[in-house]
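Peer 1: quick one: sequence plus predicted model below, questions after.
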Amino acid sequence: MAEEFSSLLTVNEFIVKMQNRPVYRKKYTVIIYYLMENQQKIDTIRSHINTIDSAMLKLLHKRLAYAKEIGQLKKMTDRNIEDRQREKEVLQRMLSENNGLLPEETIETIYTEIMTVCKKSQ
């Protein structure tokens, strides 16, 4: 039997294999139930993550629109698009709001990339 299950199976594949083996059905009913319940929890959490991802993308779109507007205003007054002081302020604010939950390097990477994309759109 160990050879039969040497590779990983999905929950559904496991259920099908066990349905054909009545001697193992009782033994694996609890495992199957646990796996299915666990998968339902994973699916629920992933659904929450999908909702958050969609909201983050909408906010990024909104941020980009504001950056474009700022770029137009700067062009009208012959101001430089790049403002390193403002970028430092944004990074410092995000690092302080993070409260150490994410590594500083991660915050810096994320916001540097966001600001780069926004500057390119201007």
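Peer 2: Arrived safely, thanks for sending.
Peer 1: the protein: helices as residue ranges?
Peer 2: Read by DSSP state H, the chain holds these helices, from start to end of the chain: 11-19, 22-76, 84-98, 104-121.
Peer 1: helices or strands up against the last one?
Peer 2: To tie it back to what came earlier, the one meant is helix 104-121. Contact here means 3 or more CB pairs under 8 Å, 6 or more residues apart in numbering; DSSP states H and E; on that basis helix 104-121 packs against helix 22-76, helix 84-98. Quick note: C-beta positions are derived from backbone N, CA and C, even for glycine.
Peer 1: next, the angle helix 22-76 makes with that helix.
Peer 2: Computed by axes from the mean of the first three to the mean of the last three CA atoms, to 10 degrees, the angle separating helix 104-121 from helix 22-76 equals 50 degrees.
Peer 1: residue ranges with poor pLDDT in the chain?
Peer 2: Judged by pLDDT under 70, the chain has its weakly predicted residues at 1-12, 14-15, 17-31.
Peer 1: mind putting the helices and strands packed on helix 104-121 in TSV, distance to Ile107 included?
Peer 2: Compiled in TSV, the helices and strands packed on helix 104-121 are given as follows (distance: least, CB to CB, whole Å):
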stretch	distance to Ile107
helix 22-76	14
helix 84-98	5
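Peer 1: so which of the ones you listed gets nearest Lys119?
Peer 2: With CB to CB as the measure, helix 22-76 is the member of the helices and strands packed on helix 104-121 nearest Lys119 (7.4 Å).
Peer 1: name the helices or strands packed onto the closest one?
Peer 2: Helices and strands in packing contact with helix 22-76 are listed as helix 11-19, helix 104-121; criterion 3+ CB pairs under 8 Å, 6+ apart.
Peer 1: would you list the ones you listed in TSV and tack on mean neighbour count and distance to Leu91?
Peer 2: Formatted as TSV, the entries for the helices and strands packed on helix 22-76 read as follows, by neighbours: other CB atoms under 10 Å; distance: least, CB to CB, whole Å:
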stretch	mean neighbour count	distance to Leu91
helix 11-19	14	44
helix 104-121	13	6
